[in-house]
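**Q** Any chance you could fold what I've pasted below:
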Amino acid sequence: MKLTVKEIVDQMFNNDPFSQWLGIERVEDGKGVSVLKMKVRKDMLNGFGVAHGGITYSLADSALAFSSNAHGNHALSVDTSISHTKKVMEGDELITRVVEVSRSNRIGNYQVFVENQHQELVALFKGTVYITKKEWSIKN
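**A** Residues are numbered from 1 along each chain as shown. Take a look at the predicted model:
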């Protein structure tokens, strides 16, 4: 029995303590789509008083995982990179927008745009995933 997009992303998110620690709120799940929202907390700041780069990276990485796996097969990142375009401060609300650039039977390419509450781009994440033959099921 094939799982729905919601069932797949629920299973992933419910077994992902790091995404939960980030305080991620799932706004929209879909095949090649993942709108995630989170608020930057004090314990996410680096020594300069701005959000650690790993925060936007991790948020975008979660969006990549949810959007690429929502098609129904396990997809694993094989290459990722991020460009930070604006500093992120405590209290900022971040939101992701995923673009599925291309997808074949084995490889998917994605861009994840991370914006703040003012719709300013704060990071651009690029990711490539390897799509396995293993389908998502209740017992994954």
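
**Q** Quick one: low-confidence residue ranges for this protein.
**A** 139-140 (pLDDT under 70).

**Q** any idea which helix is longest in it?
**A** helix 53-69 (DSSP state H).

**Q** now the strands for this structure?
**A** For the chain, the strands defined by DSSP state E occupy 25-30, 33-39, 73-84, 93-103, 107-115, 121-135.

**Q** In contact with the nearest residue to residue 36 once chain neighbours are set aside, which residues are there?
**A** Sequence neighbours aside, residue 96 is the residue nearest to residue 36 in space, at 4.6 Å (criterion: CB to CB, 6 or more residues apart in numbering). To be clear about C-beta, it is placed using only N, CA and C from the backbone, and glycine gets the same treatment. Neighbour list for residue 96: 34, 35, 36, 37, 59, 60, 63, 112, 113, 114 [criterion: CB atoms under 8 Å, 6 or more residues apart in numbering].

**Q** what angle do the longest helix of the chain and strand 121-135 make?
**A** The directions of helix 53-69 and strand 121-135 differ by 40 degrees, with axes from the mean of the first three to the mean of the last three CA atoms, to 10 degrees as the criterion.

**Q** other SSEs contacting helix 53-69?
**A** Helix 53-69 sits against helix 5-14, helix 17-22, strand 25-30, strand 33-39, strand 73-84, strand 93-103, strand 107-115, strand 121-135, with contacts defined as 3 or more CB pairs under 8 Å, 6 or more residues apart in numbering; DSSP states H and E.

**Q** Which one of these lies nearest to residue 47?
**A** strand 73-84 (15.8 Å; CB to CB).

**Q** In the closest one, which residues are buried?
**A** Neighbour-count burial for strand 73-84 flags 73, 74, 75, 80, 82, 84 (criterion: 16 or more other CB atoms under 10 Å).
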